[in-house]
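>>> Pasting the sequence and the predicted model now:
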Amino acid sequence: MRSGMRSAVLRAIGWVDDAGDTSLHRIALGTDIVEFRVVRACRRSIGIRIGVAGVTVRAPRGAPLRAIAAALRTHAPWVQEKLAVWRTRRRDIVPARWIPGAPIAYRGRTLSLDLAPARRRNILVDRAAFSIAHPRPDDEPAVAAYGRAWLRREALRVLSPEVADLARRIDAPAPPIKLSSARSRWGSCNSRGEIRLNARLVHLPPELARYVVAHEIAHLVHLDHSPRFWALVATLHERHREARHELAQWAAALEA
């Protein structure tokens with residue numbers, strides 16, 4: 001489509017100029033100007049996803065602009081509602097850049113990243129700072145890799161005792177656990193009694209992480225979400241209803 005004709009189409013369907021990025025656009029939904037990305041894929045329908053990165057529209061390769069705009073307008077109330085929810089969610093989970101002063105969440109507290117040169121790599125956490133000592137503190141990729149690896153080890157360290165304690169409360173041996181990097185769930189349990197816990201749980205308040213563990217431990221007895229399952233969860237975590245609600249505020253951590 002020629003540039004002039006394309007601009008006319010965009011104006012006709014309510015899109016604002018996309019500033020030259022063919023995958024990034026803006027559309028007027030009610031009184032809001034919503035920015036979104038279009039991802040072309042081998043699929044039959046148009047799908048809308050809203051997450052920490054904003055609005056993403058996955059569309060068939062040949063879908064016309066009008067069809068994409070119509071889908072967004074059809075679902076405008078839902079899009080606007082979900083965007084409002086995401087704006088309230090925690091985003092300072094891990095640093096966008098591993099540089100001094102960047103925010104990072106650890107065990108529910110937002111800390112400030114501190115970097116210092118040192119012969120040996122090390123991480124110290126206090127009430128205000130997440131301090132990384134590194135031979136190359138100016139090498140951001142190296143610092144980031146070390147920080148992320150440390151957080152995974154720390155997740156296993158803090159979650160393992162919770163698993164053992166809650167397993168004892170249902171008279172079961174501590175199940176084997178593995179760390180997950182899933183982008184859609186905090187934990188899972190399969191029919192073989194294996195538990196996976198998301199490594200990003202290390203960013204959450206300890207009580208919320210314990211709720212996730214309690215949820216998966218209860219699945220060792222009831223591999224469903226029946227009333228019996230929730231009754232067992234209630235014996236393992238008294239504030240499980242509140243924890244489920246609070247967990248939603250940390251959904252951004254799943255995409256960190």
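Thanks, I have the structure now.
>>> buried stuff in stretch 68-86?
68-69, 71-72, 75-76, 79-80, 82-83, 86 (16 or more other Cβ atoms under 10 Å). Where you see a C-beta, it was placed from the backbone N, CA and C, and this is true even at glycine.
>>> Quick one: which of those residues has the lowest pLDDT value?
On pLDDT alone, Trp86 ranks lowest of the buried residues of stretch 68-86, at 68.
>>> Name all residues that make contact with Arg40.
By Cβ atoms under 8 Å, 6 or more residues apart in numbering, the contact set of Arg40 is 59-61, 63.
>>> Check Pro175 too.
Applying Cβ under 8 Å, 6+ apart, the residues near Pro175 are 163, 167, 189, 193-195, 217, 220.
>>> from these, which would you call buried?
Applying 16+ other Cβ under 10 Å to those flags 163, 167, 189, 195, 217, 220 as buried.
>>> For the helix or strand containing the first one, which helices and strands make contact with it?
Val163 belongs to helix 140-169 when elements are defined using DSSP states H and E. Here helix 140-169 touches strand 122-125, strand 129-134, strand 177-180, strand 195-198, helix 206-218, helix 227-236, going by 3 or more Cβ pairs under 8 Å, 6 or more residues apart in numbering; DSSP states H and E.
>>> helices or strands up against the longest one?
Right, the one you point to is helix 206-218. By 3+ Cβ pairs under 8 Å, 6+ apart, helix 206-218 packs against helix 140-169, strand 187-189, strand 195-198, helix 227-236, helix 240-247.
>>> mean pLDDT lowest for which of these?
helix 240-247 (a mean of 91).
>>> Could you check how far that one is from the centre of its chain?
What separates the centre of helix 240-247 from the centre of its chain is 16 Å, taken as Cα atoms, centre = their mean, to the nearest Å.
>>> got the end-to-end distance for stretch 224-241?
End-to-end distance for stretch 224-241: 17 Å, by Cα to Cα, to the nearest Å.
>>> Looking at the contacts of Pro175, which is nearest His237?
Ile217 (9.6 Å; Cβ to Cβ).
>>> what about that closest one, distance to Thr56?
34 Å (Cβ to Cβ, to the nearest Å).
>>> swap in Glu242?
31 Å.
>>> could I get the helices and strands packed on helix 140-169 as a markdown table with distance to Leu29?
Output for the helices and strands packed on helix 140-169, formatted as a markdown table (distance: least, Cβ to Cβ, whole Å):
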| stretch | distance to Leu29 |
| --- | --- |
| strand 122-125 | 42 |
| strand 129-134 | 38 |
| strand 177-180 | 35 |
| strand 195-198 | 32 |
| helix 206-218 | 33 |
| helix 227-236 | 37 |
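>>> To Leu111, which of the ones you listed lies closest?
Nearest of the helices and strands packed on helix 140-169 (Cβ to Cβ): strand 129-134, 4.2 Å.
>>> Could you check how far that closest one is from the centre of its chain?
24 Å.
>>> and if you look at stretch 144-156?
So, by Cα atoms, centre = their mean, the centroid of stretch 144-156 is 16 Å from its chain's centroid.
>>> mind listing what's buried in that stretch?
Result for stretch 144-156 [16+ other Cβ under 10 Å]: buried residues 144, 146-147, 150-151, 154-155.
>>> Let me have the residues you listed in CSV, extended by distance to Ile93.
CSV is the format used below for the buried residues of stretch 144-156 (distance: Cβ to Cβ, whole Å):
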residue, distance to Ile93
Ala144, 14
Tyr146, 17
Gly147, 12
Trp150, 15
Leu151, 10
Glu154, 14
Ala155, 13
